[in-house]
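Engineer: kindly generate the corresponding structure for this input.
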Amino acid sequence: MSFDIDIVVRYGPLLLSGLWTTVYICALASILAVAAGLAAALLYGLPLRFAKLLCRVYIEVMRGTPILILLFILYYGGPSIGLTLEAETVGILGLGFYGGGYFAEIFRAGFQSIPPGQIEAARMLGIPRRMIVARIQIPQMLTLIIPPSTNQVIILTKESALLSIITVAELTKNTTQMVNETFAVVEPYVAVALLYWLIIEGIALAGGALERRFGHAS
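Structural biologist: Purely as a prediction, here's the structure:
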């Protein structure tokens, strides 16, 4: 069995279009996931029982529900309650809030790694909570949370392949179109595997660079 490179070349623009869609959706979803996770971790740290309960419910729902179910609820169930969103928007929101549940636990563990004495000393000096978080907690915990955060972004990127089921023209969806039109299997999936590998390697390299940067800074 031979590998027909001409198929890959002919469908190159389609694959690159899917690659771009995957990259920007995953980038926006990752930013949303980090923001949602950080917000949940900060709320969880407040001395308010209701805030802790709300964050706990969010984290458990996101971690306990398959991402495909969340996407179906948003995309197919949303219109029944007046919420009609584009498929790409659903992908960003679904991946973002799903990943936020995991990032919340990463940030929570990072906050707990800071010695309580430092926080108490800062409070005694009258430093506002936002400054304690920005100047004391986050800088110290960055080295610890970057590796699991990088891994979580990689997981979200792989999960993005499920967006093809809700008609998002990302990498997997366009590859399926390529297979249906050419009846070839090996060439399209080898090409898409290589493209996903390149994305993942890029994320891993960026994570490693951040880890070294903030590791040296600390």
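Engineer: what sits against Thr167?
Structural biologist: When contacts are counted by Cβ atoms under 8 Å, 6 or more residues apart in numbering, Thr167 touches 87, 173. Heads up, the C-betas are built off the backbone N, CA and C, glycines and all.
Engineer: one more time with 6 Å, if that's ok
Structural biologist: Ala87 (Cβ atoms under 6 Å, 6 or more residues apart in numbering).
Engineer: what about it, distance to Glu86?
Structural biologist: As for Thr167, its distance to Glu86 is 10 Å (criterion: Cβ to Cβ, to the nearest Å).
Engineer: can you check Leu71 too?
Structural biologist: Taking Cβ to Cβ, one finds Leu71 at 13 Å from Glu86.
Engineer: who has more neighbours out of those two?
Structural biologist: Between Leu71 and Glu86, counted using other Cβ atoms under 10 Å, the more crowded position is Leu71 (23 against 11).
Engineer: what sits against the spatially most central residue of the chain?
Structural biologist: Nearest to the centroid of the C-alpha atoms of the chain, with distances taken as Cα atoms, centre = their mean, sits Ser30, at 3.6 Å. Neighbouring residues of Ser30 by Cβ under 6 Å, 6+ apart: Val153.
Engineer: same question, the one 4 residues further on
Structural biologist: Contacts here follow Cβ under 6 Å, 6+ apart; on that basis Val34 touches Phe103.
Engineer: check which helix or strand covers it.
Structural biologist: With elements taken from DSSP states H and E, the one containing Val34 is helix 12-44.
Engineer: contacts for the helix or strand that that helix is followed by, please.
Structural biologist: The element immediately downstream of helix 12-44 (helix or strand, assigned by DSSP H and E) is helix 49-64. Applying Cβ under 6 Å, 6+ apart, the contact partners of helix 49-64 are 40, 43-44, 98, 101, 104.
Engineer: CA atoms only: put helix 49-64 into CSV for me.
Structural biologist: Output of helix 49-64 as CSV, limited to C-alpha atoms (Å, rounded to 0.1, in the frame of the first residue of the first chain):
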residue,chain,number,x,y,z
ARG,A,49,-20.2,29.5,52.6
PHE,A,50,-22.4,30.2,49.7
ALA,A,51,-19.5,31.2,47.5
LYS,A,52,-17.7,27.9,48.4
LEU,A,53,-20.8,25.9,47.6
LEU,A,54,-21.3,27.6,44.3
CYS,A,55,-17.7,27.0,43.2
ARG,A,56,-17.8,23.4,44.4
VAL,A,57,-21.0,22.8,42.4
TYR,A,58,-19.4,24.4,39.3
ILE,A,59,-16.2,22.3,39.6
GLU,A,60,-18.0,19.0,40.2
VAL,A,61,-20.5,19.6,37.3
MET,A,62,-17.7,20.5,34.9
ARG,A,63,-15.4,17.6,35.9
GLY,A,64,-18.3,15.1,36.2
